[in-house]
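*Asks:* Any chance you could fold what I've pasted below:
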Amino acid sequence: MHDYQQLRVWQAARDLAIETYQSTQSLPRSEMFGMTSQLRRAASSIAANVAEGAGRGTNGDFRRYLRIAAGSAAECETHLLIVTAVGILEPETAQTALQQAASIKKMLHNLEASLT
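*Replies:* So this is what the prediction gives:
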């Protein structure tokens, strides 16, 4: 079992989720159950999957959950690109989050590789 809270990737994913919640507060109310919800869930599931995988007890399970977390990071990126393209999120805000998500995906890949 790994102490997930000590993992830099978990810390970065948690920070992205927090920033996503804060930045989506300004999205239109009509998006509360649409993109706002989707983006928040995708961002928070990155850290949640890292934590769940770390708690599973085997490296094989941990690697599988790291891959799921990477999928959630890609989902988060996609939602960010969409909300920016339709003009409901500031490009600067989205760009920062996109950079964070890309960095997290690299960390997830590196951590997964170290477990083999």
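*Asks:* The closest residue to Asn59 other than its chain neighbours: neighbour count?
*Replies:* Nearest non-adjacent residue to Asn59, counting by Cβ to Cβ, 6 or more residues apart in numbering: Leu115, 4.5 Å away. From N, CA and C alone the C-beta is placed, and that goes for glycine too. Residues near Leu115, counting by other Cβ atoms under 10 Å, number 13.
*Asks:* so Leu115 touches Tyr65, yeah?
*Replies:* No. In this structure, Leu115 is not within contact of Tyr65 by Cβ atoms under 8 Å, at 10.8 Å.
*Asks:* can you pull the buried residues of stretch 99-110?
*Replies:* Residues of stretch 99-110 classed as buried: 100-101, 104-105, 107-108 (neighbour count, 16 or more other Cβ atoms under 10 Å).
*Asks:* ok, the residues you listed vs Glu77, which is closest?
*Replies:* Within the buried residues of stretch 99-110, the smallest distance to Glu77 is 4.9 Å, found for Ala101 (Cβ to Cβ).
*Asks:* That'll do, ta.
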